[in-house]
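In: Sequence plus the predicted model coming up.
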Amino acid sequence: MFAFGILLSIALVSLGLTLWAPLTYAANATGENLENPVLSVETIRLEEHSWPSEIKAYGEIAAWQESSVGNETTGLRLKSIHAEIGDLVEQGQILAEFDAELVRAELAQQQAAVSEAEAALEEAKQNAQRARHLVKGRALSEQQTQQYLTAEQTAQARLASAKAAEAVQKIRLAQTQLRAPDAGVITSRTATIGAVLPAGEELFRLIRRNKLEWRAEVADANLHQISNGLQAKLFTPTGQKETGVVRVVSPTVDPQTRNALVYVDLADNTELKQGMFTQGAIEIKQTSAYTLPQSAITMRDGYSYIMSVSSSKRVVANKVKTGRRQSDKIEILELFNGDTARPINASLVSQLNIIKSGGEFLAHGDLVRIVTTSNKDALAGSTEGQRREF
């Protein structure tokens, strides 16, 4: 009886397997994939743009030209100061004044000397005129006549000397007011009220016309690509982009660094300050660039990857080489298949369906669901729980 029960059980199991096998085969025969997608993704293709090629450079922000404003007088006390560091000044604006009482007194004295010389000259002219008439009638000897004529010439010379000395005093009086030689911004002030300074002592320094330049250091191998008038861009410490124009390329190369200076005129009202050291680039020409948004690029182990979708909706992880950047767009130069690099071209672009974002949650071989912009919002809630860390 027991043996009969065992045989009956085996027969029933065999019958069940025989009935189930066709059902399983039928389910697989439909071709449906019973695996759940890891993530719903949106795909994009590489976009082609015309971007400028650039030469990276680093350098110092410096004044286009500086002016040193110094003392031109000697022995005068500095009476007042009218400008401070950071002030914007106009050409001819008074920056400081010296005590001018002594100079005015000396000028008045010299003006009196001029008046005295003019009176002496007038008298000498009259004497010489009478002598010329008298010598014709032989009422005056030639020697006496010559003396009067010489006295006239001497008086003229003394008047000229007195006027020259007067002009010197007028210049000294004008120099008691220290004026800006050009428009610009004051960057240094060493003037101190009450100081008695020698001639030539620097009291102020200013950046002419408040104009700055970027002195970019460029490797000598790149100099042949740079010419006057090219556009340049550089960045402030806060990340703001500034623009400029190449004014001139230095005619010499540093024998130690093998770099040359490229002088770039900066736009007005720049946030950059003299003395800053910043990075930037000089734009040399326009070239084609295949780009992706930054969200489509995944960083792993120090390398850049893009995640594409195959015809079977499986993820393919491709290591890529990146190039230039503009805003959130990144240039893709090469795609690697193992150790073999393939340059990006139109044919390759047409083959790649690249995952727009979310690549950091995917691995090579994962199954994904492709969505479009119209329905991805509806699926967002249902896919949130499907994300997993790589």
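Out: Received, thanks. Residues are numbered from 1 along each chain as shown.
In: And the lengthiest helix in the chain, what's buried?
Out: Secondary structure of the chain per DSSP state H: the longest helix is helix 101-136. By 16 or more other CB atoms under 10 Å, the buried positions in helix 101-136 come out as 103, 106-107, 110-111, 113-114, 117, 120-121, 124, 127-128, 131, 135. In short, each C-beta sits where N, CA and C put it, glycine included.
In: so what's the residue nearest to the spatial centre of the chain closest to, chain neighbours aside?
Out: Against the mean C-alpha coordinate of the chain, by CA atoms, centre = their mean, the closest residue is L234 at 3.8 Å. Leaving aside its chain neighbours, L234 sits nearest to G280 (2.8 Å; criterion: CB to CB, 6 or more residues apart in numbering).
In: wait, what's in contact with that neighbour?
Out: K56, A57, Y58, G59, W214, A216, A232, K233, L234, F235, E242 (CB atoms under 8 Å, 6 or more residues apart in numbering).
In: among these, which are in strands?
Out: Taking DSSP state E, the ones among the contacts of G280 that sit in strands are K56, A57, Y58, G59, W214, A216, A232, K233, L234, F235, E242.
In: Just the buried ones from these?
Out: Neighbour counting with 16+ other CB under 10 Å marks A57, G59, W214, A216, A232, L234, E242 as buried within the ones in strands among the contacts of G280.
In: how about the residues you listed in JSON lines, adding distance to K79 and pLDDT?
Out: Listed next are those as JSON lines, based on distance: CB to CB, whole Å; pLDDT from 0 to 100:
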{"residue": "A57", "distance to K79": "48", "pLDDT": "94"}
{"residue": "G59", "distance to K79": "42", "pLDDT": "94"}
{"residue": "W214", "distance to K79": "40", "pLDDT": "96"}
{"residue": "A216", "distance to K79": "45", "pLDDT": "96"}
{"residue": "A232", "distance to K79": "46", "pLDDT": "94"}
{"residue": "L234", "distance to K79": "44", "pLDDT": "91"}
{"residue": "E242", "distance to K79": "41", "pLDDT": "92"}
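In: Spell out which residues make up each domain of this structure.
Out: Listed domain ranges for the chain are 39-50+288-386, 54-64+212-286, 69-99+177-210, 100-175 (source: automatic domain parsing).
In: so how many other residues sit close to the residue lying closest to E213 once chain neighbours are set aside?
Out: Excluding the flanking residues, the one nearest E213 by CB to CB, 6+ apart is W64, at 4.9 Å. Close neighbours of W64, defined as other CB atoms under 10 Å, add up to 17.
In: In stretch 245-265, which of the residues would be classed as buried?
Out: By neighbour count on 16+ other CB under 10 Å, the buried set for stretch 245-265 is V246, V249, N259, A260, L261, V262, Y263, V264.
In: May I ask which two of those residues are separated the most?
Out: Between any two of the buried residues of stretch 245-265, the greatest separation by CB to CB is 15.5 Å, found for V246 and N259.
In: contacting residues for S161?
Out: By CB under 8 Å, 6+ apart, the contact list for S161 reads A117.
In: State whether it is indeed within a helix.
Out: Yes: counting by DSSP: H, G, I helix; E, B strand; the rest coil, one finds S161 located in a helix.
In: And A128, what's its pLDDT?
Out: What the model reports as pLDDT for A128 is 84.
In: wait, it sits on Y148?
Out: Yes: counting by CB atoms under 8 Å, A128 touches Y148, with 4.7 Å between them.
In: still on that earlier bit, how far out from the middle of the chain is the longest helix of the chain?
Out: What separates the centre of helix 101-136 from the centre of its chain is 64 Å, taken as CA atoms, centre = their mean, to the nearest Å.
In: what pairs with L78 across the strands?
Out: F98 (DSSP bridges).
In: if I look at the residue nearest to E213, how far off is L230?
Out: Look at W64 and L230: by CB to CB, to the nearest Å, they are 18 Å apart.
In: now the stretch 151-300 of the chain, which segments are flagged as low pLDDT?
Out: Judged by pLDDT under 70, the stretch 151-300 of the chain has no weakly predicted residues.
In: Strands along that one, start to end?
Out: If DSSP state E, counting those that start in this stretch is used as the criterion, the strands of the stretch 151-300 of the chain fall at 177-179, 184-189, 202-208, 212-219, 231-235, 241-249, 259-266, 277-293, 297-300.
In: Take these and lay them out in a markdown table including distance to V349.
Out: Listed next are the strands of the stretch 151-300 of the chain as a markdown table, based on distance: least, CB to CB, whole Å:
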| stretch | distance to V349 |
| --- | --- |
| strand 177-179 | 65 |
| strand 184-189 | 52 |
| strand 202-208 | 50 |
| strand 212-219 | 33 |
| strand 231-235 | 28 |
| strand 241-249 | 29 |
| strand 259-266 | 36 |
| strand 277-293 | 6 |
| strand 297-300 | 16 |
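In: Out of the ones you listed, flag the one nearest A164.
Out: With respect to A164, and counting by CB to CB, the nearest of these is strand 177-179 at 21.9 Å.
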